[in-house]
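> coords please:
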Amino acid sequence: MQKYNAPKVKESKKIQMLTTIWLVPLLAMIIALWLAFQYYAKIGPTIKISFKSNAGLIANQSQIKLRDVTVGMVTKISLSDDGQGVIVQARMNKEVSKYLNNKAKLWIVHPDVGSHGVSGLDTLLSGSYIELHGVKDASTQRHFVGLEDPYLDTEAEGKYYLLSAPQSYNITEGSNIYYRMMKVGRVERVGIAPNGEKINFTIFVEDNYNSYINKKSKFYAQSSLSIDFSQGKIDMNMANFSQLIHGGISIYTPLQTLKDEQYKVKKGDLFPLYKNLTQLKSKQLMSGEESRIYSFIFSDLNNKLEIGSPVEFQGFQVGYITDIESHFNEKNNTIASTIYALLYHSSFTNFSDHNHTNTTIKHLVKEGLKAQLASNIPVVGRAYINLVFDQQFKAEIITKNSRYPLFPTIKKASSINGFINNSKKLLEKLEKLPLEKLLKSATALINENRKPITKILNNTNNLIIKSQKPIAKILKNLERTIQNINKLSQSKALQEIPQNTNHTLQELEQTLQELQTFTQGYDMNSQFSAELSATLHELSLAAESIGRVSRKLEKKPNSLLLGDD
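Now for the predicted structure:
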């Protein structure tokens, strides 16, 4: 049996720490450390954001975006210590650390469905997220107070304007701004004024179109449907779908003011927003922000007066009625009413001077400015308050024992007074006419043409004299004719005609009744009926023969003498 050489194993008595078996876990540890380093190297700081409420944010799912780029992730959402809001904790990327400073603005973007349409449409599938707006700065910040509304970027290329109106007129945030049917901007803010008297609008217009807006520009809400009956035809325009949902504002600027620097808009200028184009075209003095509510008491109150009715001065609207309070008056058992109306003080001042608007109204009242009821069409027309100057008695604005100043009023002018006033105006116009010159011209014209006029008068006189005899004969004949007609109407024979006619009709009716009684005794199969039928048949044949003869005579009248040939 052959023996093979067996390997000899040397037994080591020393402990070896590094062996090849440790190489795999060592490499795995190095890779894990490298990955951890890469992860923490990219991770930015942790920030906290305070909101009044959570609008759909979910921890470890909702993102933070800057210009549609994901720059962070929401990691935790909890209530604030006082329970009045929520604290959102988020881990940001390292590259946006320089944007996290006191200039940073954060707000929640979420789907919002309202009367103005749908906003945040991209969040319907992806969910709500936090939008970040900021600029780079060396300073850093870790705690922020979030905005409840989207941030308004005042550094964008464009300009902002302020508008005001009694109502919103279906204008919402995001509505478009148009100039000559071209989109030039958008509505950024819509909110109630701090005093609650009106709605304020903040609109943004792009830089390319700001040269078309000045102090003379007028803004009006575009109508969804407009119908024009002018120029003998019907012109109907309907707004596009976007305007039907969001509404829109149009700008009108007079052409002569486009390049005039004196009408340049200054910071803080406020423009009125008109309800529609029709209201803009009407006479208005509603400009500026200065306004105040006054109370009016009329003894001859018209029930057609209503909230929203205008207050006018010489045909221009200077305000509108805000409220009508009515109550029962126990003294005279009638309904007493107090009317509240807002007057624009700037309507009674120069365009460039708005410093003493309140004192201007008081001064005008002392000079005789009073209020009276009026209507544009009597009985059926629209009622409104008309401001007029009346010097019959002096009056002042009463401010005691009333929150709103009491404006002096007078009774509505009657139709007689109106007729007298119109007559006075007519007489004044007649006095202004050059009547003396007209009389002199007429006298000179008559003197120059006296002979032709005399001939015309003589000829006319002769014509009248010659026509007197024929006219007299005609009148006599007409008188005789009338007398004959009277005699004829008074004759007994004419008066007996109705009686004779009535008697004849009665006899005819009696004869028909006897004939009916006579024929009722004979049925269809009787001899009388047969003979009657034969007689009627012979009469029919005779009638046909007579008809042929008559037609022959019509064609040839002498056929009876000469025959057919």
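> can you list contacts of stretch 136-150?
Stretch 136-150 is contacted from outside by 45-52, 88, 97-109, 130-131, using C-beta atoms under 8 Å, 6 or more residues apart in numbering. Quick note: C-beta positions are derived from backbone N, CA and C, even for glycine.
> ok, residues contacting the host helix or strand of Ser326?
Using DSSP states H and E, Ser326 sits in strand 316-329. Applying C-beta under 8 Å, 6+ apart, the external contacts of strand 316-329 come out as 166, 282-286, 291, 293, 305-312, 334-344, 347-348, 385, 387.
> from those, list the buried ones, please.
Buried by 16 or more other C-beta atoms under 10 Å: 166, 284-286, 291, 293, 305, 309-312, 336-344, 347-348, 385, 387, out of the contacts of strand 316-329.
> among the residues you listed, which ones are in strands?
In strands, judged by DSSP state E, the following of the buried ones among the contacts of strand 316-329 are found: 291, 293, 310-312, 336-344, 385, 387.
> pLDDT at Ile456, what is it?
Looking at Ile456, its pLDDT stands at 70.
> quick one, helices of the protein?
For the chain, applying DSSP state H gives helices covering 23-42, 123-126, 241-246, 277-281, 357-366, 415-432, 435-448, 450-466, 468-490, 492-520, 527-555, 559-562.
> tell me the domain boundaries of the protein?
The record's domain parsing of the chain by automatic domain parsing lists 39-145, 158-281, 292-422, 522-565.
> which of these has the lowest mean pLDDT?
Across these, the lowest-scoring stretch is domain 522-565, with a mean of 64.
> follow-up on the earlier one: would a markdown table of the domains of the chain with distance to Lys451 be doable?
Shown next, in a markdown table, are those (distance: least, C-beta to C-beta, whole Å):
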| stretch | distance to Lys451 |
| --- | --- |
| domain 39-145 | 86 |
| domain 158-281 | 52 |
| domain 292-422 | 44 |
| domain 522-565 | 71 |
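> for Leu475, which of these is the nearest?
Evaluated over the domains of the chain, closeness to Leu475 peaks at domain 292-422, with 44.3 Å, by C-beta to C-beta.
> so Leu406 versus Thr399, what's the distance?
Distance of Leu406 to Thr399, computed by C-beta to C-beta, to the nearest Å: 8 Å.
> ok, those two, which is more surrounded?
Leu406 (18 against 11; other C-beta atoms under 10 Å).
> list the residues that contact the more buried one.
294-297, 397-399.
> run the last query once more with 6 Å
Shown in contact with Leu406 (C-beta atoms under 6 Å, 6 or more residues apart in numbering): 295, 398.
> now swap in Lys281 and tell me
Counting by C-beta under 6 Å, 6+ apart, Lys281 has no contacts.
> can you tell me which of the contacts of stretch 136-150 are buried?
Buried by 16+ other C-beta under 10 Å: 45, 47, 49, 51, 88, 99-101, 104-109, 130-131, out of the contacts of stretch 136-150.
> in the stretch 51-200 of the chain, which spans are strands?
63-66, 69-79, 86-93, 105-109, 112-114, 117-119, 129-133, 143-145, 158-165, 176-179, 182-192, 199-206 (DSSP state E, counting those that start in this stretch).
> got the angle for the last one vs strand 182-192?
With axes from the mean of the first three to the mean of the last three C-alpha atoms, to 10 degrees as the criterion, the two stretches strand 199-206 and strand 182-192 enclose an angle of 150 degrees.
> just checking, what packs against strand 199-206?
Secondary-structure packing of strand 199-206 (3 or more C-beta pairs under 6 Å, 6 or more residues apart in numbering; DSSP states H and E): strand 158-165, strand 182-192.
> now the shortest one: buried residues?
It stands for strand 158-165. Buried residues in strand 158-165, counted by 16+ other C-beta under 10 Å: 158-159, 161, 163-165.
> would you convert these into CSV that also reports distance to Phe271?
Putting these into CSV (distance: C-beta to C-beta, whole Å) gives the following:
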residue, distance to Phe271
Gly158, 16
Lys159, 13
Tyr161, 6
Leu163, 5
Ser164, 8
Ala165, 10
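> just name the closest of these to Thr257, please.
Comparing the buried residues of strand 158-165 against Thr257 with C-beta to C-beta places Tyr161 closest, at 15.8 Å.
> is the closest one in a bridge, and if so with what?
Ile203 (DSSP bridges).
> correct me if wrong: it contacts Ile203.
Yes: with contact defined as C-beta atoms under 6 Å, Tyr161 counts as touching Ile203 (5.2 Å).
> how long is stretch 57-74 from one end to the other?
Distance between the two ends of stretch 57-74: 8 Å, counting by C-alpha to C-alpha, to the nearest Å.
> equivalent analysis for stretch 200-217, please.
One end of stretch 200-217 to the other measures 17 Å (C-alpha to C-alpha).
> list the contacts of it.
Contacts for stretch 200-217 (C-beta under 6 Å, 6+ apart): 157-161, 163-164, 177, 179, 184-191, 193, 251, 253-254, 257, 263, 265.
> what about 7 Å?
157-164, 171, 177, 179, 184-191, 193, 249, 251-254, 257-258, 263-265, 269, 271, 273 (C-beta atoms under 7 Å, 6 or more residues apart in numbering).
> correct me, but Val311 touches Ile385?
Yes: between Val311 and Ile385 there is a contact at 4.6 Å, judged by C-beta atoms under 7 Å.
> now the common contact residues for these two.
Shared contacts of Val311 and Ile385, defined by C-beta under 7 Å, 6+ apart, are found at Ala341.
> who does Ala165 form a beta bridge with?
The partner list for Ala165 in beta bridges (DSSP bridges) reads Ile199.
> now do the contacts for it.
198-199, 272-273.
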